[in-house]
Structures are given as C-alpha cells and as structure tokens.
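# Following is a predicted model, sequence given first.
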Amino acid sequence: MITLAGLPRDPGALPGIREQATDLTAPARDGYSRPMVSPESALLRVLITGEAYGLQLVQRVREWTSGKLMLDDESFYQAMHLLEEQGLVESYMSEPVGQRGGQPRRYYKLTAAGQRAALEVLTASLTGQM
C-alpha cells in the first residue's frame, strides 16, 4: 500500500494557492482558512480521468473543487515536480502543436504507483477522510 506521507498535508506549505472559505477548507491556527486537500492530492485525483497538459489539469482541479482550490503556475509546477520526484507522475512532451506556434505541450500521466495513490485520494475524498 502506498501512502501519501511524503506529500505536504498543509497546502499552505506551497505558495500560490488562492483559497475561499468553503466546505473544502478548515480554519488554521492563524485564523485563515486553508483547503483541506493539498494541490498534490487534488492533482492525483484529477489525473485518474486520464493524462493531460498543465492548463487542463488546473481546470480539472478547479472543476473538481467547484472553484474552491485554484492553482497558479508556481503551485502547479511545484506540486507536479514533487509528484514526479516521488514517482507518482511522469511527463512527456507532445508533438509540436499548431495553436502554440509549433511548440510542444508537456503532458502528465499517473504511474502505477501514482494510480494506487490516486485511488487512496479518491477513497479518502469519498469517505470524508481528507
């Protein structure tokens, strides 16, 4: 069984997260609300539906959390770097894309270990343990 022990539980540990006080948030000691789900957990969860490039993943997270967790570039790339370092996600460059002036896109997908971790995240979110 893979655990998410290496992922920061406190999303406030990663800068760049805009949050709103909603049912996905919990009050912190400093009085500010923080999302109860980390960017890494949210990204694992949305990658269950299939590989995607960065902007697609940010949009999926926003949709999955009903706009309660919105990742900016810095927090997204920090989270993806951590997930890649832990072997939960891998990335690859696409063929050049015409709409991007011939530039390729970086796609992300779950590894086998990432699939197990994502299922843990999904189970925890469905049982209210996140």
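Nice, I can see it.
# what mean pLDDT would you report for the strand or helix carrying residue 116?
Secondary structure assignment for residue 116, by DSSP states H and E: helix 112-127. Helix 112-127 shows a mean pLDDT of 89.
# Packing partners of that helix?
Judged by 3 or more Cβ pairs under 8 Å, 6 or more residues apart in numbering; DSSP states H and E, helix 112-127 is in contact with helix 39-47. The C-beta positions use only the backbone N, C-alpha and C, and glycine is treated the same way.
# worst-scoring helix or strand of the chain, pLDDT-wise?
strand 17-19 (a mean of 36; mean pLDDT, DSSP states H and E).
# Name the residues of the helix holding residue 116 that come out as buried.
Buried residues in helix 112-127, counted by 16 or more other Cβ atoms under 10 Å: 114, 115, 117, 118, 120, 121, 125.
# With stretch 101-110 instead?
Neighbour-count burial for stretch 101-110 flags 105, 107, 108, 110 (criterion: 16+ other Cβ under 10 Å).
# Check the offset of it from the chain's centre.
17 Å (Cα atoms, centre = their mean, to the nearest Å).
# quick one: contacts of that stretch?
Identification of contacts with stretch 101-110 by Cβ atoms under 8 Å, 6 or more residues apart in numbering yields 43-44, 47-48, 50-54, 57, 80, 88-97, 118.
# pretty sure residue 114 contacts residue 89?
Yes: at 5.3 Å, residue 114 counts as touching residue 89 under the criterion of Cβ atoms under 8 Å.
# who's in contact with the residue minimising distance to the centre of the chain?
Closest residue to the average C-alpha location of the chain: residue 43 at 2.2 Å, with Cα atoms, centre = their mean. For residue 43, the contact set (Cβ under 8 Å, 6+ apart) comprises 57, 61, 76, 79, 80, 83, 89, 108.
# The first one contacts residue 47, correct?
Yes: proximity of residue 57 to residue 47 meets the contact threshold set by Cβ under 8 Å, at 7.1 Å.
# low pLDDT regions in this structure?
Along the chain, segments meeting pLDDT under 70 span 1-36, 100, 129-130.
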